[in-house]
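Asks: Just a sequence and a predicted model for now, questions to come.
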Amino acid sequence: MTDMIAPAIVARVATELSLNPQQVQRTLALFAEGATRPFVARYRKEMTGGLDEVQLRDVRERAEYLNELEDRRAAVLKSIAEQGKLTPELRRALESAATKQELEDLYLPFKLKRRTKGELAREAGLEPLADRLMQDPTAIMEAYVGCTQELGYS
């Protein structure tokens, strides 16, 4: 389980919270094994170097945030690369983004827009039909009656 904890994240959490990297590594390993914060605070003080519940919470929350940031960074880099718009400068900016908000701000111009049902209908060539129906709502009834008569339904 401890292999899943990125050394860079351990080092960053330790630096930000002024802790020993081994304390952070061991604490995150305990959490990864399913230990709860009260359990770790009471019964695993020797492994965490005596961290209290508040420090344990801070370690866990910061590590989770940084993991989410790294996952999102990878997704953003992949998306922009697939669009063929990833420049070396943009890559450096994305890799140096320190927060999720900064990352999203950099990604915003490259974010793929969702297509609405209206846009899909226009692409399918249905805009003239929609315009006609907006001008004359009875046209749909006339078209329906015309179709049923042609097919022999009266």
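Replies: Structure received.
Asks: contacts, neighbours, all on C-alpha from now
Replies: OK.
Asks: Format the CA atom coordinates belonging to stretch 13-22 as CSV.
Replies: Extracted in CSV, the C-alpha atoms of stretch 13-22 (Å, rounded to 0.1, in the frame of the first residue of the first chain):
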residue,chain,number,x,y,z
VAL,A,13,3.0,17.6,2.6
ALA,A,14,5.9,17.3,5.0
THR,A,15,7.3,20.7,3.9
GLU,A,16,4.0,22.5,4.0
LEU,A,17,3.1,21.2,7.5
SER,A,18,6.6,21.3,8.9
LEU,A,19,6.7,17.6,9.5
ASN,A,20,9.3,14.8,9.0
PRO,A,21,8.7,13.1,5.7
GLN,A,22,8.8,9.7,7.5
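Asks: Return the set of buried residues in it.
Replies: 13-14, 19, 21 (16 or more other C-alpha atoms under 10 Å).
Asks: Pass me the low-pLDDT residue ranges in the chain, would you?
Replies: 1-4, 139, 141-154 (pLDDT under 70).
Asks: tell me which strands and helices the helix ranked longest in it is in contact with?
Replies: Counting by DSSP state H, the longest helix found in the chain is helix 53-83. Contact analysis of helix 53-83 by 3 or more C-alpha pairs under 8 Å, 6 or more residues apart in numbering; DSSP states H and E lists helix 7-16, helix 21-32, helix 37-43, helix 88-96, helix 100-107 as its packing neighbours.
Asks: Tell me which of the ones you listed sits nearest to A130.
Replies: helix 100-107 (35.4 Å; C-alpha to C-alpha).
Asks: Following element in sequence after that closest one, please.
Replies: On the C-terminal side of helix 100-107, the nearest following helix or strand under DSSP states H and E is helix 117-123.
Asks: follow-up on the earlier one: how about the longest helix of the chain, which residues are buried there?
Replies: Neighbour count says helix 53-83 has 55-56, 59-60, 62-63, 66, 69-70, 73, 76-77, 79-80 buried, by 16+ other C-alpha under 10 Å.
Asks: Pipe those into JSON lines and attach distance to T116 per row.
Replies: Output for the buried residues of helix 53-83, formatted as JSON lines (distance: C-alpha to C-alpha, whole Å):
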{"residue": "Q55", "distance to T116": "47"}
{"residue": "L56", "distance to T116": "45"}
{"residue": "V59", "distance to T116": "42"}
{"residue": "R60", "distance to T116": "40"}
{"residue": "R62", "distance to T116": "37"}
{"residue": "A63", "distance to T116": "37"}
{"residue": "L66", "distance to T116": "34"}
{"residue": "L69", "distance to T116": "29"}
{"residue": "E70", "distance to T116": "30"}
{"residue": "R73", "distance to T116": "27"}
{"residue": "V76", "distance to T116": "23"}
{"residue": "L77", "distance to T116": "25"}
{"residue": "S79", "distance to T116": "20"}
{"residue": "I80", "distance to T116": "22"}
